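**Student:** Predicted model and sequence follow; I will ask about them next.
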Protein chains: 2
Amino acid sequence: MSAHPFDAAIALQPAGGGAFAGQTSPAYANFIGPYGGITAAQCLQAVLQHPERLGDPVAFTVNFAAAVADGPFELRPRAARTNRSTQHWIVEMVQGDEVVATATALTAVRRPTWGGHEAHKPEAPPPLEVKRTTRRGVAWLERYEMRFLLGMIPRDWDGGGVAESLSRLWVRDDPPRPLDFASLAALCDVFFPRIWLRRARQTPLGTVSMTVYFHATAAELAAAGEGFLLAQARGQGFGSGYFDHGGQLWSESGSLLATTHQVMYYKE
Amino acid sequence: MSAHPFDAAIALQPAGGGAFAGQTSPAYANFIGPYGGITAAQCLQAVLQHPERLGDPVAFTVNFAAAVADGPFELRPRAARTNRSTQHWIVEMVQGDEVVATATALTAVRRPTWGGHEAHKPEAPPPLEVKRTTRRGVAWLERYEMRFLLGMIPRDWDGGGVAESLSRLWVRDDPPRPLDFASLAALCDVFFPRIWLRRARQTPLGTVSMTVYFHATAAELAAAGEGFLLAQARGQGFGSGYFDHGGQLWSESGSLLATTHQVMYYKE
């Protein structure tokens, strides 16, 4: 039995001194280099796999410093601070002598407390009643089953655009795979660039920084299983070459699993 | 003429090897240790003051790894990657042998492009027509002039709470000071904990990670000057000891200056 493409993509081998060796995965290739979500998941996986890691991820920021070249990379996670129940990590992804990504992560032993999410899952028809969105183009799109509810990629790149960039979709790994922190981090990058909706025009762009806050407990991840997530994102500021969006991901049953933000570079 | 308290608080002296020495400021004291916003500003200032720094800040994440003790600290900024027009920084704030904060920053030479912010400034009466909010308690609250429009701190800590934690206020430095990237970063932490609104109950808590995306160009910062900013924040997920919020800050004239997110620890 061969591994799920996601597990193959995030497989890391100890490389001494707390570092790990990995390889880019053709299954998650984007236009240039890998899908950012898989790079994020690899950086997080280096923390998750570290023998000194304490607790589960709470906050995770990845900075895409350069195009990741197809081939091997090294991940260098380092616990900058370990407290009684929390830990702060710095990660560098290196190819040759060059840093291609940096990341920070907060992991923590989470305990039951009062809770009550304020970001509620929007009403949506069940995923299997929504038409599967046709996949086109790059490999990583084949790794996700997407069923768009609103804010789909423009049909015509006619420069028309819309005033609001809200997108909402059902999404899961393809083939389905039980959700975990690494795959949830990858799913947080699944949104196509908001500026495409705003402008209906393709310009060179790329994510430069993404943050994920994990709200799912290990039990909620297990309950989400291989099911669909409802994911939405909405743009905020667009100007001088950079724009950002904020997003949320819920389980099919309505648990808020993660909130996420990212800022993208664009040209023109 | 003595320096503005903010300038005094972020003053850093070169300490060799690209490091800087600084001191916590009693003027920005919080209940325990300093106001997180001033720690954030100090970390960013280490990048801004670095002789190799390229461009202006675009994305900035600070992780509060431990309580900062009153007294001296060292800041160690390092350019992990320098590209043609962008640069990725890793910063560590150290006291003694212990890391108390980590940060990453993306700086970039920003160029004019198409733009159009989607997060619009909400309608609000002019700042001077809104009653100044009474300041109580810790020192850092004296450093900001706040005029709340909605979502003020609960009057009674009776456990009542509300279902939605949106707050909106006019805010500026006190005494007024021309806005810059460091003071804007500090202002992004000005929101009291969203969980206080939700629960009307005080429990131990603290910010563990904050991200700021800068949308203001240098010209927009200059135009904002010493004026008020309209700031708002809204909670998202609350559970298992952590909650997050998303926020936006606009200039008085309506320019989106920054978007921000943070996750806080809480007990019980």
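**Tutor:** Structure's in. What do you need? Numbering: from 1, shown residues only, chains lettered A, B, ... in the order given.

**Student:** Only the buried residues of stretch A:69-82, if you could.
**Tutor:** Residues of stretch A:69-82 classed as buried under the neighbour-count rule (16 or more other Cβ atoms under 10 Å in any protein chain shown) are A:73-82. (C-beta placed from N, C-alpha, C; glycine too.)

**Student:** Make TSV from the residues you listed and add secondary structure to it.
**Tutor:** Compiled in TSV, the buried residues of stretch A:69-82 are given as follows (DSSP: H, G, I helix; E, B strand; the rest coil):
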residue	secondary structure
A:73	strand
A:74	strand
A:75	strand
A:76	strand
A:77	strand
A:78	strand
A:79	strand
A:80	strand
A:81	strand
A:82	strand
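
**Student:** what does the stretch 51-200 of chain A have sitting close to chain B?
**Tutor:** Listed as neighbours of chain B in the stretch 51-200 of chain A under the rule Cβ under 8 Å from any Cβ of the partner chain: A:58-59, A:61, A:63, A:65-66, A:80-81, A:83, A:86, A:88, A:90, A:92, A:98-100, A:102-104, A:106, A:108, A:110-119, A:163-165, A:194, A:198-199.

**Student:** So which of these are in strands?
**Tutor:** Counting by DSSP state E, these place A:58-59, A:61, A:63, A:80-81, A:86, A:88, A:90, A:92, A:98-100, A:102-104, A:106, A:108 in strands.

**Student:** So which residues make contact with the helix or strand bottoming out on mean pLDDT in chain A?
**Tutor:** Counting by mean pLDDT, DSSP states H and E, the weakest-scoring helix or strand in chain A turns out to be helix A:218-224, with a mean of 93. For helix A:218-224, contacts defined as Cβ atoms under 8 Å, 6 or more residues apart in numbering or on different chains pick out A:56, A:178-181, A:184, A:216, A:251-253, A:255, A:257.

**Student:** ok, back up a step: put together a markdown table for the buried residues of stretch A:69-82, with pLDDT on each row.
**Tutor:** Converted to a markdown table, those look like this (pLDDT from 0 to 100):
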| residue | pLDDT |
| --- | --- |
| A:73 | 98 |
| A:74 | 98 |
| A:75 | 98 |
| A:76 | 98 |
| A:77 | 98 |
| A:78 | 98 |
| A:79 | 98 |
| A:80 | 98 |
| A:81 | 98 |
| A:82 | 98 |
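
**Student:** between those residues, which is nearest residue B:243?
**Tutor:** Using Cβ to Cβ, residue A:81 comes nearest to residue B:243 of the buried residues of stretch A:69-82, at 21.4 Å.

**Student:** Show the subsequent helix or strand relative to the least confident helix or strand of chain A.
**Tutor:** For helix A:218-224, the following helix or strand on the C-terminal side (DSSP states H and E) is strand A:229-239.

**Student:** how about that following strand, does it reach chain B?
**Tutor:** Yes. Using Cβ under 8 Å from any Cβ, a contact is recorded between strand A:229-239 and chain B, made by A:234-239.

**Student:** can you put the residues you listed in CSV and add pLDDT?
**Tutor:** Compiled in CSV, the residues of strand A:229-239 next to chain B are given as follows (pLDDT from 0 to 100):
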residue, pLDDT
A:234, 98
A:235, 98
A:236, 98
A:237, 98
A:238, 98
A:239, 97
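
**Student:** Now list the buried members of the residues of the stretch 51-200 of chain A next to chain B.
**Tutor:** For these, a neighbour count by 16+ other Cβ under 10 Å gives the buried set as A:58-59, A:61, A:63, A:65-66, A:80-81, A:86, A:88, A:90, A:92, A:99-100, A:102-104, A:106, A:108, A:110, A:113-114, A:117-119, A:165, A:194, A:198-199.

**Student:** and residue A:7, helix, strand or coil?
**Tutor:** Using three-state DSSP, the structure places residue A:7 in helix.

**Student:** May I have the phi/psi pair for the nearest residue to it once chain neighbours are set aside?
**Tutor:** What sits nearest to residue A:7 in space, not counting adjacent residues and going by Cβ to Cβ, 6 or more residues apart in numbering or on different chains, is residue A:177, at 7.6 Å. Main-chain dihedrals, residue A:177, degrees, to the nearest 10: phi -150, psi 140.

**Student:** And residue A:177, what's its pLDDT?
**Tutor:** With respect to pLDDT, residue A:177 scores 98.

**Student:** Is it in contact with residue A:187, as I believe?
**Tutor:** No. With contacts counted by Cβ atoms under 8 Å, residue A:177 stays clear of residue A:187, the gap being 10.8 Å.

**Student:** Those two - which one has more neighbours?
**Tutor:** Under the neighbour definition other Cβ atoms under 10 Å in any protein chain shown, residue A:177 and residue A:187 were set side by side, and residue A:187 has more, 24 against 16.

**Student:** tell me the contacts of residue A:125?
**Tutor:** Shown in contact with residue A:125 (Cβ under 8 Å, 6+ apart): residue A:149.

**Student:** Let's see that with 7 Å instead.
**Tutor:** When contacts are counted by Cβ atoms under 7 Å, 6 or more residues apart in numbering or on different chains, residue A:125 is found next to no other residue.

**Student:** On the three-state scheme, it is what?
**Tutor:** At residue A:125, secondary structure determined by three-state DSSP is coil.

**Student:** Can you list the low-confidence ranges for chain A?
**Tutor:** Low-confidence segments of chain A (pLDDT under 70): A:1.

**Student:** change it to 80
**Tutor:** A:1, A:135-136 (pLDDT under 80).

**Student:** In the stretch 1-150 of chain A, what residue comes closest to chain B?
**Tutor:** Closest contact between the stretch 1-150 of chain A and chain B, by Cβ to the nearest Cβ, is at residue A:115 (3.1 Å).

**Student:** Likewise for the stretch 151-268 of chain A?
**Tutor:** Of all residues in the stretch 151-268 of chain A, residue A:239 sits closest to chain B, at 3.2 Å by Cβ to the nearest Cβ.

**Student:** Could you find the closest non-adjacent residue to that residue?
**Tutor:** Setting aside the residues directly before and after it, residue A:239 is nearest to residue B:115 in space (Cβ to Cβ, 6+ apart), at 3.2 Å.

**Student:** Touching, that neighbour and residue A:238? I think so.
**Tutor:** Yes. Applying Cβ atoms under 7 Å, one finds residue B:115 in contact with residue A:238, separated by 5.3 Å.

**Student:** Can you mark which positions in stretch A:15-31 are buried?
**Tutor:** By neighbour count with 16+ other Cβ under 10 Å, stretch A:15-31 contains the buried residues A:19-20, A:22, A:24-25, A:27-30.

**Student:** Correction: the previous question concerned stretch A:166-186.
**Tutor:** Taking 16+ other Cβ under 10 Å as the basis for neighbour counts, the residues of stretch A:166-186 that come out buried are A:166-174, A:177, A:179-186.
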